[in-house]
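Colleague: give me coordinates for this.
(2 chains)
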Amino acid sequence: MANQDDLDNDFGDDDKKRGRGGVNKRGFGRKKKMLNEKELTIDYKDPQTLKYFITDRGKIMPRRITGASAKTQRKIALAIKRARKIALMPFTVTGK
Amino acid sequence: MAIQTNKDKPGTSREYETIFILRPDTANDAIATLNTRLKGIVETMGGKILKADNWGKRKLAYEIKKQMKGIYLYWQYLATPGTVEELERNLRMLDNVIRYQSVKIDSDVDPTARPSEVSDETWAKAATTAADEEEIMTGQSASRSPYDDDDDIDPDAEEEALQAAGGDDDEKKDQE
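Modeller: Coordinates of the predicted model:
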């Protein structure tokens, strides 16, 4: 009986081992944008590079979509917030 | 006069950059007086200005103080602790400045290792605001707020300026 239980658990583990590369129930489609982070210079004075990291509404995109590392994501978020303060980037964009 | 802190090594400065936004209708000589005043503050407190740029009139991402455009000034300087506080206090008092932001780039910078890129020419350039596209096209001052009545614009002058620039695309198509 104990063996049966162990077998059941193994199936569950397989999903985890495959990683989240399979179909995600929420349907995002797991394509992580491969960021070449070594060539990226994040500067709050340069809204052109930062534009890739915001949605069309002006919100900061989460890391799971952009594929950035944790460190880069922190730099991006800080740069966007600074750029917002001096009106180089909007806080929000209302679709007209 | 500089504040002494324990964190900084003696004989080194911190590197800062400050961006401030002025009202779009600020005249060039007003910018020049502002620059001299701030320069005085930084230098009395033992700092050194590395860069002073005028990015010209830019469209703001959102309206500030009922203005849609602003003149951006960008300064990079070495300073001792306490300078930024004094600088920002002065910026707060000036009416022309509508926003400012200071960022510390580096600490423990050797002042002699960083040459100052400012000369009299830089100051003269920093006081001249480059005209932006809208001004060139319409030939009018673009410091209109969205609350202004559009009847104030002279449509004939706008039309003339457009003709001089090469005419409207729609009219050209009609002529063909």
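Colleague: am I right that residue B:47 is in contact with residue B:78?
Modeller: Yes: applying CB atoms under 8 Å, one finds residue B:47 in contact with residue B:78, separated by 5.7 Å. Where you see a C-beta, it was placed from the backbone N, CA and C, and this is true even at glycine.
Colleague: what do the two both touch?
Modeller: residue B:13 (CB atoms under 8 Å, 6 or more residues apart in numbering or on different chains).
Colleague: which residue is nearest the middle of chain B?
Modeller: In chain B, the centroid-proximal residue (CA atoms, centre = their mean) is residue B:73; its distance is 2.2 Å.
Colleague: low-confidence stretches in chain B?
Modeller: Applying pLDDT under 70 to chain B picks out residues B:1-5, B:131-136, B:139-176.
Colleague: just checking, next helix/strand downstream of the longest helix belonging to chain B?
Modeller: Longest helix of chain B, by residue count under DSSP state H: helix B:28-44. Downstream of helix B:28-44, the first helix or strand assigned by DSSP states H and E is strand B:48-64.
Colleague: direction included, what does that next one pair up with?
Modeller: Strand B:48-64 has its sheet partners listed here by DSSP bridges as strand B:67-79 (antiparallel).
Colleague: just how off-centre is the strand it pairs with within its chain?
Modeller: 4 Å (CA atoms, centre = their mean, to the nearest Å).
Colleague: before we move on, what about stretch B:90-106?
Modeller: With CA atoms, centre = their mean, you get 10 Å for stretch B:90-106.
Colleague: residues in contact with it?
Modeller: Residues outside stretch B:90-106 that contact it (CB under 8 Å, 6+ apart): A:44, A:82, A:85-87, B:14-23, B:26, B:30, B:34, B:37-38, B:41, B:64-65, B:67, B:70, B:76, B:84, B:87-88.
Colleague: ok, now stretch B:36-44?
Modeller: With CB under 8 Å, 6+ apart, stretch B:36-44 has contacts from B:1, B:48-49, B:52, B:75, B:77, B:79, B:83, B:86-87, B:90-91, B:123.
Colleague: just those residues now: which is nearest residue A:73?
Modeller: Nearest to residue A:73 out of the contacts of stretch B:36-44 is residue B:75 (CB to CB; 29.3 Å).
Colleague: who's in contact with the closest one?
Modeller: Contacts of residue B:75 (CB under 8 Å, 6+ apart): B:17, B:18, B:19, B:20, B:38, B:49, B:51, B:52, B:53.
Colleague: how does it look with 10 Å?
Modeller: B:16-20, B:35, B:38-39, B:42, B:49-53, B:87, B:100, B:102, B:118, B:126 (CB atoms under 10 Å, 6 or more residues apart in numbering or on different chains).
Colleague: what's the burial count for the residue nearest to residue B:83 when sequence neighbours are not counted?
Modeller: Spatial nearest neighbour of residue B:83, excluding adjacent residues (CB to CB, 6 or more residues apart in numbering or on different chains): residue B:45 at 4.5 Å. Using other CB atoms under 10 Å in any protein chain shown, residue B:45 is surrounded by 19 other residues.
Colleague: and the contacts of stretch B:36-44, which of them are buried?
Modeller: Neighbour counting over those (16 or more other CB atoms under 10 Å in any protein chain shown) leaves B:48, B:49, B:52, B:75, B:77, B:79, B:83, B:86, B:87, B:90, B:91, B:123 as the buried ones.
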